[in-house]
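A.B. asks: Can you look at this prediction? I've put the sequence above it.
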Amino acid sequence: MTMNDTRPAAPVPTEVGEGLKAAFRQHPAGVAIITAASPAGPVGLTASSVASVAVDPAAIVFSVTRATGSAGAILAADGFVVHLVDDEHSALAQSFAVSGSERFTPEQGWRTLPTGEPYLPEARVALRCRPIQSVPVGSSTVVIAEVLEVRHGRPGRPLVYVDRRFHALPPGGEH
């Protein structure tokens, strides 16, 4: 690495860090697909770190593990959409979790909002957001975002991520 290289160093595994990964591997997390418009076209990624922060102002938080590729484009965007997805979207979530996978195809059902962001109308809930603050933490970035709009889709079986796999939960009821 040169003196001018501003990329964060790769994380060095520690006993505590490895213990944290093992602990959260067994802790279910909801699955979301985060999308944004970029100068190069639509971008997106799968995240299991989305959580609500506040209701006044309405705000959420999530993290990304590096500031390159889709994550970098989302970090640079003025707005993005966080899609809370269901079991029927597990293949889509998997494709957005793997670099180079096919994304934003007509068969996947994507549309574009009037504000420009890619939007999946079939998602259980889509949250249109704008970033409030980004905080670097090691090789990750934590994003706090204001929720500008909530779009409800069709209820389904919530998708969670646990032990490195997607799993469906029983339906949660109507909204």
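C.D. replies: In hand now; what should we look at?
A.B. asks: Contacts only, for G109.
C.D. replies: If you count contacts by Cβ atoms under 8 Å, 6 or more residues apart in numbering, G109 has them with 120-122. Glycine gets a C-beta too; all of them are placed from N, C-alpha and C.
A.B. asks: Tell me the helix or strand right after the helix ranked longest in the chain.
C.D. replies: Longest helix of the chain, by residue count under DSSP state H: helix 15-25. Using DSSP states H and E, the helix or strand that follows helix 15-25 in sequence is strand 29-30.
A.B. asks: quick one: average pLDDT of the very next helix or strand once past that next one?
C.D. replies: Moving toward the C-terminus from strand 29-30, the next helix or strand (DSSP H and E) is strand 32-38. On average, the pLDDT along strand 32-38 is 97.
A.B. asks: Spatially, what comes nearest to A32 if we skip its sequence neighbours?
C.D. replies: Counting by Cβ to Cβ, 6 or more residues apart in numbering, V50 is the residue found nearest to A32 once chain neighbours are left out, at 4.5 Å.
A.B. asks: Now do the contacts for that neighbour.
C.D. replies: 30, 32, 34, 60-62, 82, 84.
A.B. asks: Same list (these) but as a markdown table, adding distance to S139 and neighbour count.
C.D. replies: Listed next are the contacts of V50 as a markdown table, based on distance: Cβ to Cβ, whole Å; neighbours: other Cβ atoms under 10 Å:
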| residue | distance to S139 | neighbour count |
| --- | --- | --- |
| G30 | 23 | 16 |
| A32 | 21 | 27 |
| I34 | 18 | 28 |
| I60 | 22 | 19 |
| V61 | 18 | 17 |
| F62 | 15 | 21 |
| V82 | 22 | 23 |
| L84 | 26 | 18 |
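A.B. asks: Report the two of these separated the most.
C.D. replies: V61 and L84 (14.0 Å; Cβ to Cβ).
A.B. asks: Kind regards, and thank you for your time.
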